[in-house]
Structures are given as structure tokens and as C-alpha cells.
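S.K.: Okay, here's the prediction I keep looking at, along with the sequence it came from:
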Amino acid sequence: MQRQIIRIDEEKCNGCGQCAAACAEGAIQMVDGKARLVSEVFCDGLGACIGECPVDAITIERREAAPYSERETLEKLIPQGLNVVRLHLEHLKNHGQQKLYDEGIAVLRKKGIELPAAPQPLPGLLPLAGRPSPSPGGDRGGGTTNWPIQLQLINPDSAVFDEADLVIAADCTAFAYRNFYRDFTLGKVLIVFCPKLDHVAEMYIEKLAAIFSRHAIRSITLLRMLVPCCGGTSMILKQALALSGKEIPVTEHIVNFDGP
């Protein structure tokens, strides 16, 4: 059947194994130092692994492939623990795969398995390192101090970065979190990109590293979505900091699906 499935570029793959670790379904395994798609049946084609690849070696293509099996996937995941199963089902639901999600729930019910309740995050925002203080001005609207804000268009030599507090955000966060501008960007310099769809991770790492090394950056606030593929935002920032040789304080926040 024709369907979406991942493709791994063996030439680009550096064997780091991050994609295999991110693939809860076990479709990707490390073989002879390279990531391999070892089972089409277990690959749901949703691309949770893409954001984990530091060298942009994974893409999604549409081709003839064995149909994905939710039942066989759960048979593989259940022995790994119910929290793994719960995260897998949340992954399906958060990517709009309601039919597969319902099928998975039906499989669990047939087996008499009840999932543990998911941790309850704060509405609209799941903080990793504390929530910022309320911005001056109460509930008034916010904005940014710079333009452009898309990382591909930004000039690393721009004076806007001198003594700046940066907000580095995955594209979706501003739409998913109602008070994004009010709570995070007032008086700060904003940079946005998508770690999954932009397909230029190496360029982003180099450009951010150039910004960090050429300017005195005071702080960085990182915002990303809860979906696994958005973890690439954190990975890109981490590698850029390492490349720049700078130590800059970072506060990271994860935006939750339920909205504010």
C-alpha cells in the first residue's frame, strides 16, 4: 500500500542513535553503526524521530510499504511498561491519528489493561525551569524588538543581539500558547524556527553559534512544544552553545497541547 514512512539517508547518518531512542515503536534500530528502519510494520510515519536527528538524515516519504499495525506495535510495547504505552498513544492522538488511537485503546481493553493516568501539567504551559515573572503592563499585548524573527532570515551580525535577552521558540508555540508575547517577548529578541520541517538543522546550529559568539547574550529562554519531534529545538540550541564555546543561562519551557 502507498503510505507515509520515514527514510534514513545512510550517507548523512552519523550513528548517534538519538532517533532509535526516540522511536518508542522500535521501528528504528542501530545496525553496524547506522540507524536502520528494521520494521515497516512498526513505523507509523508520523516522524517523532526527525527532530532528534542532529544531521538531518531522516525525512518522510510516501511510497509502497507494509501497512502499519497498531496491534503488533502494542504487543511490542506492552512488555516495556505501561508508561511507554501511554506515551505512544498520546503521540498518536497529538498527531491527529484518532482511528489508530481508538484501535490501541480497544486492544488494551481486550487485554484487560488500564493505563496509568498521565501527569497533569499546568494549563497551557509545562515549565522545566520555572515560569517567568509577570511582564510589566498587566494583560496588555506584547511584541518583539526585532524583525525578521525567522532564523533563516536573521543576520548574525545584527546589533540587535548586543546585550540581548533571547527568546528562541519553535514555530507552533506562539499559536498554542495564548499569552506568548505578553509572558515571554517584551523587551527581548525573538528567534523562531521549526526543527522538524525546516530541514536545515546544521545551518541553524552554525547561525545560532555565530550569534552567541559575536555578541554578549545575557540569557536565553527556549520554548518548544510537548511533541517528541519538537525536541530538536533543544538539541539545536545545545549544539549551538557547544559550538560557540559560550556559557549562557538557559530557561526551557514546554507548551502543552491543552492550550491556556
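M.R.: Thanks, I have the structure now. Residues are numbered from 1 along each chain as shown.
S.K.: hey, where'd the strands end up in the stretch 101-250 of the chain?
M.R.: 126-127, 165-170, 189-193, 219-225, 250-255 (DSSP state E, counting those that start in this stretch).
S.K.: So which of these is nearest Lys99?
M.R.: Shortest distance between Lys99 and the strands of the stretch 101-250 of the chain, using C-beta to C-beta, is found for strand 219-225: 22.5 Å. Placement of C-beta: from N, CA and C, glycine included.
S.K.: helices or strands up against that closest one?
M.R.: When contacts are defined as 3 or more C-beta pairs under 8 Å, 6 or more residues apart in numbering; DSSP states H and E, strand 219-225 packs onto strand 165-170, helix 173-176, helix 231-244, strand 250-255.
S.K.: Pairing partners for it, with directions?
M.R.: Paired strands of strand 219-225, with direction, are strand 165-170 (parallel), strand 250-255 (parallel) (DSSP bridges).
S.K.: Just the pLDDT at Pro123, thanks.
M.R.: The model reports Pro123 with a pLDDT of 46.
S.K.: Kindly report the same for the one 4 residues further on.
M.R.: According to the per-residue confidence, Pro127 scores 43 in pLDDT.
S.K.: roughly how far apart are Cys13 and Ala24?
M.R.: Here the criterion is C-beta to C-beta, to the nearest Å. By it, Cys13 lies 20 Å from Ala24.
S.K.: likewise Val160?
M.R.: Per C-beta to C-beta, Val160 is found 40 Å from Ala24.
S.K.: how many other residues sit next to Pro195?
M.R.: Using other C-beta atoms under 10 Å, Pro195 has 27 neighbouring residues.
S.K.: Report the contact partners of it.
M.R.: For Pro195, the contacting residues are 50-51, 170, 201, 204, 224, 229-233, 235-236, by C-beta atoms under 8 Å, 6 or more residues apart in numbering.
S.K.: What is the neighbour count of Asn256?
M.R.: Asn256: 18 neighbours (other C-beta under 10 Å).
S.K.: Going forward, count from 100.
M.R.: Sure, I'll start numbering at 100, so the last one becomes Asn355.
S.K.: Go ahead and confirm it touches Leu325.
M.R.: Yes: judged on C-beta atoms under 8 Å, Asn355 makes contact with Leu325 at a distance of 5.6 Å.
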